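1. have a look; sequence and predicted model below, questions after that.
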Amino acid sequence: MKRVNNQSVGGAEVPKVINFVPSGKRPPATDNNRVKNNTFGILNGANDWIVLTDIGKQLKFPPEIAITRQRPDLVLFSRAIKRVLWWELTCPSEERIADDHELKLDRYCHLKDECESNGWSCTNLAVEVGARGLVAESLGKAASIIGMIGRIIKN
């Protein structure tokens, strides 16, 4: 249903159209209300991302970012925008998920400070998957930080 109201603009009356939407329905998508899905979260702004993992060999943290003996499970970095993020995966018992999350974040706080003092933007992500298969909230949060949205995260 449409309703037309007349508005006065500069002395001339201009009709203003109001589109009513029935209860329980969504308004039609327009450029003004459409969700923009073309960003990549924290990965946005660079296309030179390098991914390092500890699969098959021991990961060595990039010395150009910081000199450390710590070895997160996954490191992503971009030289172009000087941004680094790392994931540390933990498989605790379900009762200890919250405690272990805080322990892992605290474990890498010195590395984060060193990276930032060297001019890098840092993100420290701790992800927990329970020993009996419970996927903690931290995985969804970490996935959304890198730009995954909606159903992709749920799946």
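-> Sure thing, it's come through.
2. name the nearest residue to P72, sequence neighbours excluded.
-> Ranked by CB to CB, 6 or more residues apart in numbering and with sequence neighbours excluded, the top spatial neighbour of P72 is W86, at 3.7 Å. For glycine as for every other residue, the C-beta is placed from the backbone atoms N, C-alpha and C.
3. Three-state assignment for the one you found, please.
-> Secondary structure, DSSP: H, G, I helix; E, B strand; the rest coil: W86 is strand.
4. in this structure it contacts R71, no?
-> No. Applying CB atoms under 8 Å as the test, W86 and R71 come out as separate, 9.4 Å apart.
5. just the strands in the chain please.
-> Assigned strands in the chain, in chain order: 2-9, 12-19, 50-53, 74-78, 83-90, 121-128 (criterion: DSSP state E).
6. need the ones you listed in JSON lines with mean neighbour count, distance to F61 and mean pLDDT, can you?
-> Formatted as JSON lines, these follow (neighbours: other CB atoms under 10 Å; distance: least, CB to CB, whole Å; pLDDT from 0 to 100):
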{"stretch": "strand 2-9", "mean neighbour count": "9", "distance to F61": "61", "mean pLDDT": "54"}
{"stretch": "strand 12-19", "mean neighbour count": "9", "distance to F61": "55", "mean pLDDT": "71"}
{"stretch": "strand 50-53", "mean neighbour count": "12", "distance to F61": "8", "mean pLDDT": "90"}
{"stretch": "strand 74-78", "mean neighbour count": "20", "distance to F61": "7", "mean pLDDT": "92"}
{"stretch": "strand 83-90", "mean neighbour count": "21", "distance to F61": "8", "mean pLDDT": "88"}
{"stretch": "strand 121-128", "mean neighbour count": "20", "distance to F61": "12", "mean pLDDT": "87"}
